[in-house]
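**Student:** Model the following, please.
(2 chains)
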Amino acid sequence: AQTVTQSQPEMSVQEAETVTLSCTYDTSENNYYLFWYKQPPSRQMILVIRQEAYKQQNATENRFSVNFQKAAKSFSLKISDSQLGDTAMYFCAFVSGAGSYQLTFGKGTKLSVIP
Amino acid sequence: EAQVTQNPRYLITVTGKKLTVTCSQNMNHEYMSWYRQDPGLGLRQIYYSMNVEVTDKGDVPEGYKVSRKEKRNFPLILESPSPNQTSLYFCASSLISNQPQHFGDGTRLSIL
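**Tutor:** Residues are numbered from 1 along each chain as shown, chains lettered A, B, ... in the order given. Prediction:
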């Protein structure tokens, strides 16, 4: 079974600064997909970014970008120009590209953006 | 509006009283899934379904049942709830498993 590890239970960042959330995973597969989801205090789950393992180019979405290191099995999320609305729990998730259809989430990182 | 609808949003019940949490999506998605969220444990997948009549266990299936008789509906059944099933539950759907999940608003379940 795959595992997803988020080693930072809590982080804080000053407004307008940049912060990086880490995620590592363990798999023997070559084809898979990775996601970052955001959960604000409203408890809604919102997709932040998606990365396909066979694509070397790092995914970006406005102020959000990832650093995908396939050999190191690392998938960190960088948030630039942090805003108060970025305060949330962030979850990293993994799904296989073939075979198992099970999604595995990390335990989450609670990010606080400080004014 | 594309959405995943869960009901109820909140439920307090007692040990042993069967309950069903409904989930419905209007996006014609093939993949549907149930998760539970507990503090410090993140989201853990309970069951998932790749299509009608096709379901499989996730990480924590014990004490839960599901069915997928229609594409749009994927109810979660607790036949004999116990206090350790007190949690926040999410239903989600996607076109296929490797696409982003659309989540419902969550169901806060308390079992006394």
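**Student:** what are the bridge partners for residue A:74, then?
**Tutor:** Residue A:74 forms beta bridges with residue A:24, residue A:69, as assigned by DSSP bridges.
**Student:** again with residue B:35
**Tutor:** The partner residues for residue B:35, given DSSP bridges, come to residue B:45, residue B:90.
**Student:** so how many other residues sit close to the residue nearest to residue B:92 when sequence neighbours are not counted?
**Tutor:** Leaving aside its sequence neighbours, residue B:92 sits nearest to residue B:101 (Cβ to Cβ, 6 or more residues apart in numbering or on different chains; 4.0 Å). Placement of C-beta: from N, CA and C, glycine included. By other Cβ atoms under 10 Å in any protein chain shown, 24 other residues sit near residue B:101.
**Student:** Also the one 5 residues further on?
**Tutor:** Residues lying near residue B:106 (other Cβ under 10 Å) number 21.
**Student:** Next: residue B:66.
**Tutor:** Residue B:66: 21 neighbours (other Cβ under 10 Å).
**Student:** Contacts only, for it.
**Tutor:** For residue B:66, the contact set (Cβ atoms under 8 Å, 6 or more residues apart in numbering or on different chains) comprises B:34, B:46, B:47, B:49, B:55, B:74, B:75, B:76, B:77.
**Student:** how about 6 Å then?
**Tutor:** Counting by Cβ atoms under 6 Å, 6 or more residues apart in numbering or on different chains, residue B:66 touches B:47, B:55, B:76.
**Student:** how close does it sit to residue A:106?
**Tutor:** 24 Å (Cβ to Cβ, to the nearest Å).
**Student:** Give the residue farthest from the middle of chain B.
**Tutor:** residue B:1 (20.7 Å; Cα atoms, centre = their mean).
**Student:** Mind telling me what element it is part of?
**Tutor:** For residue B:1, there is no host helix or strand (DSSP states H and E).
**Student:** which parts of chain A sit against chain B?
**Tutor:** By Cβ under 6 Å from any Cβ of the partner chain, the residues of chain A that approach chain B are A:33, A:43, A:45, A:47, A:50, A:95, A:101-103, A:105-108.
**Student:** So which of those residues belong to helices?
**Tutor:** Taking DSSP state H, every one of the residues of chain A next to chain B sits outside helices.
**Student:** got a winner among those for most neighbours?
**Tutor:** Neighbour-wise, those (other Cβ under 10 Å) top out at residue A:103, 27 neighbours.
**Student:** Touching, that residue and residue A:94? I think so.
**Tutor:** No. Here residue A:103 lies out of contact with residue A:94, judged by Cβ atoms under 6 Å, at a distance of 7.2 Å.
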